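# Below is the sequence, then the predicted model.
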Amino acid sequence: MNYSRLVVIDDEADLAGFVCDVAEQAGFDVEQFHSARLFMDQYKRRADVIVLDLMMPGVDGIEVIRFLAGIDCDALLILISGFDSGVLHSAQKLASEQGLNVAGSLSKPFRHDALYQLLRGLSVTPNNLPCHINIETPSVDELIKAMSNDELVVYYQPKVGLNGNNVTAVEALVRWNHPNYGLICPAFFISTAEQHGLIDELTWIVLEHAMAQCRSWHDQGLEMRVAVNMSANTLKELNLPEQMGHLVQKYNQDSSQLILEVTETALMQELTKSLDILTRLRMKGFHLSIDDFGTGYSSLLQLHRVPFSEIKIDRSFVSAMESDPEATAIVETIIMLGHKLKMKIVAEGVETETCRESLTNMACDQAQGYLFAKPMPGNEIFSWFSQYS
Ligand code: C2E
Ligand code: CA
Ligand code: CA
């Protein structure tokens, strides 16, 4: 995919001109605005990339972020600021939470190369979905039909031990094997399922697939725990622990074979009820993992109150480690904290050898990411595993 139109919004004409020069060298068609007000009044032409200075007199960058969110802007956003990197991080988070696609940020002063690399990197992929297709979000009716036609399939991604390379678990990730479009990623249909009361049914489909697969690996002599993503809604069913108990019995498995991944955001909804359910699940022997850690709002208190056995550090921190010392500090702190609380730590989104090495040095327990394997069908895990070990 090529991004051709780039807009720069910066009150400093010199800097705006510099950004334009670099963007032109990187192959963009550019346009600049020296006032945020002017931009908001005149912006008509669709941009593929917007480079925004946060600090401007009059209307500031944060107001522009609000404006862009209001018009459902789907351009890639690059933020620049002369403040410390904390401000950039906060603004980046704010923009992402409002549904904008933040592609990167730069602290002033920045060098030609840093901007050039960032811009050139954009033309590869707009986000990191493992499969790309140009489709609209599927409708509820289509999703209901897909579930009853058995079109949902489950892929598995190994969680690799960093101390000795042992593999003891995989994460189950749902895909939709669409008759016309091929494999569709969960990002296209999970929220539809959540908004229309279908997520419980979807979760149970995944759980059944995962348990059947686990049984089949077990029969072939491969002991593999399987992690399943639990949505907030499913965690509100008071009889969930009993239902889960029946599930593992049905496949003649031990409850310790299942790891339930819960995001921080899911946990925070109806906290008391979820705490009750999660505690009973843990008492029945299921493992509990806190997913996307660092992106939500859970406090240390909740980490302590819920009997989690594992923390998964969100890939936004892990992948930023190579270029951002603050991300490294966050990862290191989460690992120390988790270990003090007797939890195992898994780093998500490990793509490079350098990243693996730093995590090993920080005593992180496990890693998951494209460096080791992309998610794959259950029957491929066996041969991947024999090759890997
Ligand atoms: P997640 O639970 O954080 O899952 C990890 C995602 O990161 C997966 O995307 C995986 O393919 C991707 N990933 C793994 N390693 C790397 C890497 O090295 N680099 C990059 N860039 N990405 C990597 P996927 O399969 O598209 O799933 C996206 C999200 O959809 C999951 O995020 C999870 O929140 C949700 N999801 C997936 N399956 C289910 C499900 O059965 N139920 C529910 N409720 N949600 C699910
Ligand atoms: Ca997960
Ligand atoms: Ca995750």
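That came through, no problem. Ligands and ions are numbered 1, 2, ... in the order given.
# Let me know the secondary structure of residue 79.
Three-state assignment for residue 79 (DSSP: H, G, I helix; E, B strand; the rest coil): strand.
# partner residues bridging it?
Following DSSP bridges, residue 79 is listed with bridge partners residue 52, residue 105.
# And it, how close does it get to residue 303?
Look at residue 79 and residue 303: by CB to CB, to the nearest Å, they are 30 Å apart. To be clear about C-beta, it is placed using only N, CA and C from the backbone, and glycine gets the same treatment.
# Comparing these two, which residue is more hemmed in?
Legend: neighbour count by other CB atoms under 10 Å for residue 79 and residue 303, higher for residue 79 (25 against 18).
# Which pLDDT value belongs to that one?
We have a pLDDT of 93 for residue 79.
# looking at it, it is touching residue 94, isn't it?
No - in this structure, residue 79 is not within contact of residue 94 by CB atoms under 8 Å, at 9.9 Å.
# State the phi and psi torsions of the residue in the stretch 51-200 of the chain that ligand 3 sits nearest to.
Going by CB to the ion, ligand 3 is nearest to residue 171 of the stretch 51-200 of the chain, at 8.3 Å. Per-residue torsions, residue 171: phi -100, psi 130 (degrees, to the nearest 10).
# which non-adjacent residue is nearest it?
What sits nearest to residue 171 in space, not counting adjacent residues and going by CB to CB, 6 or more residues apart in numbering, is residue 227, at 4.4 Å.
# who does the helix or strand where the one you found lies touch, helix- and strand-wise?
If you go by DSSP states H and E, residue 227 is part of strand 225-230. Helices and strands touching strand 225-230, by 3 or more CB pairs under 8 Å, 6 or more residues apart in numbering; DSSP states H and E, are strand 167-178, helix 199-219, strand 258-263, strand 287-293.
# hmm, back to that, okay, now the residue of the stretch 51-200 of the chain closest to ligand 3: neighbour count?
Using other CB under 10 Å, residue 171 is surrounded by 24 other residues.
# Likewise for residue 97?
Using other CB under 10 Å, the number of residues around residue 97 comes to 10.
# just residue 168 next, same as before
12.
# do residue 344 as well
19.
# how near is it to residue 351?
The spacing between residue 344 and residue 351, counted by CB to CB, is 21 Å.
# Spit out the contact partners of the nearest residue to residue 11 once chain neighbours are set aside.
Spatially, and ignoring its direct neighbours in sequence, residue 11 is nearest to residue 56 (4.4 Å; CB to CB, 6+ apart). By CB atoms under 8 Å, 6 or more residues apart in numbering, the contact set of residue 56 is 9-11, 35-36.
# so how far is stretch 72-91 from its chain's centroid?
In terms of CA atoms, centre = their mean, to the nearest Å, the centre of stretch 72-91 is set 19 Å apart from its chain centre.
# Kindly check the end-to-end length of it for me.
Stretch 72-91 has an end-to-end distance of 17 Å (CA to CA, to the nearest Å).
# Around ligand 1, which positions in this structure sit nearby?
By the rule CB under 6 Å from any ligand atom, the part of the chain lying against ligand 1 is 128-130, 157, 173-174, 185-187, 190, 203, 206, 229, 231, 291-292, 315, 348-351, 368-370, 375.
# Sort out which of the residues you listed are buried, if you could.
157, 173-174, 185-186, 190, 203, 206, 229, 231, 291-292, 315, 348-351, 368-369, 375 (16 or more other CB atoms under 10 Å).
# for the stretch 51-200 of the chain, which spans come out with low pLDDT?
For the stretch 51-200 of the chain, residues meeting the criterion pLDDT under 70 lie at 123-137.
# And the strands in it?
Counting by DSSP state E, counting those that start in this stretch, the stretch 51-200 of the chain has strands at residues 76-81, 101-107, 152-161, 167-178, 182-184.
# Select, out of the ones you listed, the one closest to ligand 2.
For ligand 2, the closest of those is strand 167-178, at 5.7 Å, according to CB to the ion.
# coming back round to it: can you tell me which of the contacts of residue 56 end up in helices?
The helices, defined by DSSP state H, take in residue 36 from the contacts of residue 56.
# What is the nearest of the contacts of residue 56 to residue 256?
Of all those, residue 256 sits closest to residue 9, with 53.9 Å by CB to CB.
# For ligand 1, what is the nearest residue in the stretch 251-389 of the chain?
Closest residue of the stretch 251-389 of the chain to ligand 1, CB to the nearest ligand atom: residue 369 (3.1 Å).
# Check whether that residue really touches residue 348, as I assumed.
Yes - under the contact definition of CB under 8 Å, residue 369 touches residue 348, with a separation of 6.7 Å.
# what residues are shared contacts of the two?
In contact with both residue 369 and residue 348: 315, 318, using CB under 8 Å, 6+ apart.
# among the buried ones among the residues of the chain next to ligand 1, which are within reach of ligand 2?
Checking these against ligand 2 by CB under 5 Å from the ion, the ones in range are 229, 291.
# Check the separation of the first and last residues in stretch 47-56.
The first-to-last residue distance of stretch 47-56 comes to 20 Å (CA to CA).
# Oh, that last question was meant for stretch 159-176, not what I typed.
22 Å.
# all helices for the stretch 1-150 of the chain, in order.
13-25, 36-42, 61-70, 85-97, 112-122, 140-148 (DSSP state H, counting those that start in this stretch).
# So which of those helices is nearest ligand 2?
Comparing these by their distance to ligand 2 (CB to the ion), the top pick is helix 85-97, with 18.2 Å.
# Packing partners of that closest one?
Packed against helix 85-97 by the contact rule (3+ CB pairs under 8 Å, 6+ apart) you find helix 61-70, strand 76-81, strand 101-107, helix 325-340.
# Which residues outside it are in contact with it?
Applying CB under 8 Å, 6+ apart, the external contacts of helix 85-97 come out as 54, 61-62, 65, 68-69, 77, 79, 81, 102, 105, 107, 324, 326.
# which one of these sits closest to residue 307?
Nearest member of those to residue 307, counting by CB to CB, is residue 326, at 30.3 Å.
# Can you tell me, leaving aside adjacent residues, what's nearest to the closest one?
Using CB to CB, 6+ apart and skipping the chain neighbours, the partner closest in space to residue 326 is residue 85 (6.2 Å).
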